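I need the structure of the sequence given here:
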Amino acid sequence: MNINTTIKTLLFAALLPLGVVAQSHYPGQHKGQIKIDDTKKAAVLGFDLQDVKLLDSPFRDNMMRESKWILSIKTESLLHSFRNNAGVFSGKEGGYFVTPKLGGWESLDSDVRGHTTGHVLSGLALLYASTGDERYKVKADSLVNGLADVQKALNQNGYLSAFPQNLIDRAVERQSVWAPWYTLHKLYSGLTDQYLYCNNAKALEIANGMVNWAYDKMKALTTQQRENMLKNEFGGMNDSFYTLYEITGNEKAKYLAEFFYHAEVLKPLAEKQDILKGKHANTYIPKLIGLVRDYEIGGQAEHLETSDFFWQTVVNHHSFATGSNSDKEKFFGPDNIAGHLSGYTAESCNVYNMLKLTRHLFSMNPKAAYADYYERALYNHILGQQNPEDGMVAYFLPMMPGAHKVYSTPNDSFWCCVGTGFENQAKYNEFIYAHSQNSLYINLFIPSVLSWKENGFEFKQETTFPKESNTKFTVTASAGKEMTIHFRYPAWATAGATLRVNGKKQKFANTPGSYIAVKRVWKKGDVAELDLPMPFKVTPTPDNKNIVAVTYGPVVLAGLAGTEGMNAPAPYSDPKKYNDYYTYDYNVPAGFSNKLAVDAKALFKALKREPGTLNFSIDNTNWKLMPISSVHSQRYTMYWELTK
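As a prediction, this is how the structure comes out:
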């Protein structure tokens with residue numbers, strides 16, 4: 001997140017107190033809490049998180065590790081900078097601090113202090129919705145109560161933050177400042193999530209107060225001041241304000257959402273121009289989410305078209321094999337993959353927001369291509385963002401051969417990607433399924449139980465995918481209605497697909513990259529089995545046919561390269577350095593090489609899998625491979641240089 005981009009984001013965020021943007025629900029969720037209908041244009045709807053329970057899998061393991069970390073961060077520490085800003089009790093007794101102060105981006109000299117508190121509010125809300133565990137709600141209630149006290153003590157027309165308003169004034173006047181609106185956006189997204197997922201009315205009240213403050217402040221800006229502000233990162237502020245408008249019907253929120261329409265960026269995209277080279281990626285992606293949100297509640301069709309053009313452009317021309325994008329946080333030229341295999345590629349926040357955009361586009365048009373991308377980015381980036389040893393997360397996914405993942409520390413990092421990590425690991429259940437009135441879409445192959453209350457239908461999915469190619473679906477309750485189940489037939493499944501219902505093989509004319517539809521009266525005890533043999537694929541980069549990535553089904557395979565030169569604190573960030581994630585020295589051994597004396601055809605033939613595992617090898621070499629999501633605390637290469 002660069003400074004200019006951040007300013008924009010924060011500006012948006014401050015304005016967007018109710019910001020569902022942190023979660024950016026897609027149509028059909030939170031029934032009974034939304035005043036403005038967002039489902040009229042939707043082809044399919046999302047399930048609420050509480051309707052989908054994760055079963056044992058690496059995804060659930062990640063969620064449980066994250067929950068330990070998020071619960072371990074002291075509430076007083078998360079409130080400390082807010083109380084400090086308001087001049088109220090900040091955890092001192094007898095002149096000594098008894099509350100541990102957080103470091104890194106949360107230190108008191110950081111302009112973006114407070115953003116983590118917003119992410120934690122969202123993470124706790126998502127965990128509560130996903131599990132029903134009251135511990136998450138109790139902790140979140142304490143945070144909300146503390147923030148309410150700070151807002152009251154500040155007494156600034158509803159303003160609430162861990163920093164004074166003059167940081168926002170500096171953004172408006174184009175003076176140097178680091179992302180105040182970005183920070184506020186995360187806070188108010190967290191407050192909105194507390195309302196939507198935990199039914200916390202006080203959180204909504206706090207956020208509404210912030211909307212009033214933002215409206216009054218923005219209405220007073222001149223045209224030049226508004227343009228100044230929009231030149232800085234404002235993240236998902238329009239998304240959040242549209243969501244606030246949905247929840248409350250408050251026209252002030254709608255005004256604010258439209259106030260943050262950034263024509264300079266969005267008009268060229270509306271004209272189908274790829275202007276992304278050199279642009280800060282995570283500044284752009286949320287702007288397009290905002291356009292889709294506007295379309296959902298009655299906006300222009302052009303907004304959906306623009307967002308889809310952006311998505312197609314990023315996914316097909318600006319993304320690595322993992323579904324990730326950016327180098328040093330910026331988009332590179334179209335199809336220039338091999339030229340950007342650095343140690344600072346693939347910012348995790350970008351993937352977080354691309355998945356959010358994908359969900360919304362899918363709801364308008366349930367194409368398998370959207371779900372295929374979602375799977376690719378989820379399995380290769382988000383699932384592997386977290387260190388299984390302790391739950392710490394990585395800012396980047398380095399593409400540089402010989403690099404390794406660099407993880408945060410429990411109290412001294414708190415980067416933006418730590419914040420989105422608190423959310424990523426808490427909501428793996430949000431896109432597994434989707435539905436229309438009488439149709440169910442199976443998007444992801446993740447062990448889970450679906451409870452579709454409106455249709456009296458319950459469904460259990462069992463699989464070890466991608467370790468094995470077979471997934472079993474069992475109807476555990478049914479009201480006996482005729483219904484169509486759409487089973488995703490992924491684009492990568494070029495070896496074909498087999499679908500059986502109650503043991504009977506189904507006939508279909510589908511090709512990879514579609515959904516296989518089975519319409520019938522589904523009864524309790526019915527069993528469907530989908531088998532998707534996973535092929536190897538060797539894919540050259542568009543700009544250099546000798547630089548290739550290797551995939552097995554949807555997963556990118558990485559060659560394991562040991563730990564030579566990884567001296568402490570590696571693989572962790574150095575807590576003594578403020579932003580070493582961006583200047584990190586990987587100390588790649590001088591003799592390291594990712595070269596293979598083969599061509600693509602020979603490499604394909606040389607790839608071997610150890611039966612029953614996700615361990616692989618390359619014949620006549622010492623290389624061992626695993627899915628990149630499973631590679632931790634050691635060096636790797638995801639891209640290979642072929643020398644024949």
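
How about Gly278: what's its closest non-neighbour residue?
What sits nearest to Gly278 in space, not counting adjacent residues and going by Cβ to Cβ, 6 or more residues apart in numbering, is Lys330, at 5.8 Å. All C-beta atoms are positioned from the backbone trio N, CA, C, and that covers glycine.

low-scoring stretches of the chain, by residue?
For the chain, the stretches flagged by pLDDT under 70 are 1-26, 28, 90-98, 578.

biggest helix in it by residues?
helix 134-154 (DSSP state H).

Work out the gap between whichever helix or strand comes after it and the centre of the chain.
Next helix or strand after helix 134-154 toward the C-terminus (DSSP states H and E): helix 166-172. Distance of helix 166-172 from its chain centroid, counting by Cα atoms, centre = their mean, to the nearest Å, is 28 Å.

residues touching Ser436, list them.
Ala43, Val44, Leu45 (Cβ atoms under 8 Å, 6 or more residues apart in numbering).

Okay, and which of the residues you listed map to strands?
Secondary structure from DSSP state E places Leu45 of the contacts of Ser436 in strands.

Rebuild the contacts of Ser436 as TSV, extending it with distance to Thr222 and neighbour count.
Formatted as TSV, those follow (distance: Cβ to Cβ, whole Å; neighbours: other Cβ atoms under 10 Å):
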residue	distance to Thr222	neighbour count
Ala43	42	16
Val44	43	23
Leu45	42	18
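
I'd like the contacts of Ser436 as a markdown table, with distance to Tyr352 appended.
Formatted as a markdown table, these follow (distance: Cβ to Cβ, whole Å):
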| residue | distance to Tyr352 |
| --- | --- |
| Ala43 | 24 |
| Val44 | 22 |
| Leu45 | 22 |
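
just curious, which of the contacts of Ser436 is nearest to Pro554?
Proximity of the contacts of Ser436 to Pro554 (Cβ to Cβ) peaks at Val44, which lies at 21.3 Å.

Distance check, that closest one against Ser436.
Distance of Val44 to Ser436, given as Cβ to Cβ, to the nearest Å: 5 Å.

repeat for Glu251
31 Å.

do the same with His632
Counting by Cβ to Cβ, the gap from His632 to Ser436 is 40 Å.

Ok, Lys624 next?
45 Å.

Kindly report the same for Leu124.
Note on Leu124: its distance to Ser436, by Cβ to Cβ, is 31 Å.

same check, this time on Phe616
Phe616 is 39 Å from Ser436, by Cβ to Cβ.

leaving aside the residues next to it on the chain, what's closest to Asp574?
Nearest residue to Asp574, sequence neighbours excluded (Cβ to Cβ, 6+ apart): Asp580, at 5.0 Å.

same check, this time on Gly565
Excluding its sequence neighbours, the residue lying closest to Gly565 (Cβ to Cβ, 6+ apart) is Asn587, at 4.2 Å.

Who are the contact partners of the one you found?
Shown in contact with Asn587 (Cβ under 8 Å, 6+ apart): Gly565, Met566, Asn567, Ala570.

Of the residues you listed - the most surrounded one?
Ala570 (19 neighbours; other Cβ atoms under 10 Å).

what number of residues lie near the residue lying closest to it once chain neighbours are set aside?
With Cβ to Cβ, 6+ apart as the criterion, Ala570 has its nearest non-adjacent residue at 7.1 Å, and that residue is His404. His404 has 26 neighbours, counted by other Cβ under 10 Å.

Can you tell me how far His404 is from Gly565?
10 Å.

again with Val538
29 Å.

re the thing from before, which residues touch the residue nearest to Ala570?
Pro398, Met566, Ala570, Pro571, Tyr586, Ser633, Gln634, Arg635, Tyr636.

Likewise for Ala558?
With Cβ under 8 Å, 6+ apart, Ala558 has these contacts: Leu625, Met626, Pro627, Ile628, Val631, Tyr636, Thr637, Met638.

Neighbour-wise, give me the winner out of these.
That'd be Met638 among those, by other Cβ under 10 Å, with 26 neighbours.

which residues does the nearest residue in space to Asn438 that is not next to it in sequence bridge with?
Spatially, and ignoring its direct neighbours in sequence, Asn438 is nearest to Met483 (5.2 Å; Cβ to Cβ, 6+ apart). Counting by DSSP bridges, Met483 forms beta bridges with Arg520.

Give me the secondary structure label for the closest residue to Ile36 other than its chain neighbours.
Leaving aside its sequence neighbours, Ile36 sits nearest to Glu246 (Cβ to Cβ, 6+ apart; 4.4 Å). Classification of Glu246 by DSSP: H, G, I helix; E, B strand; the rest coil places it in helix.
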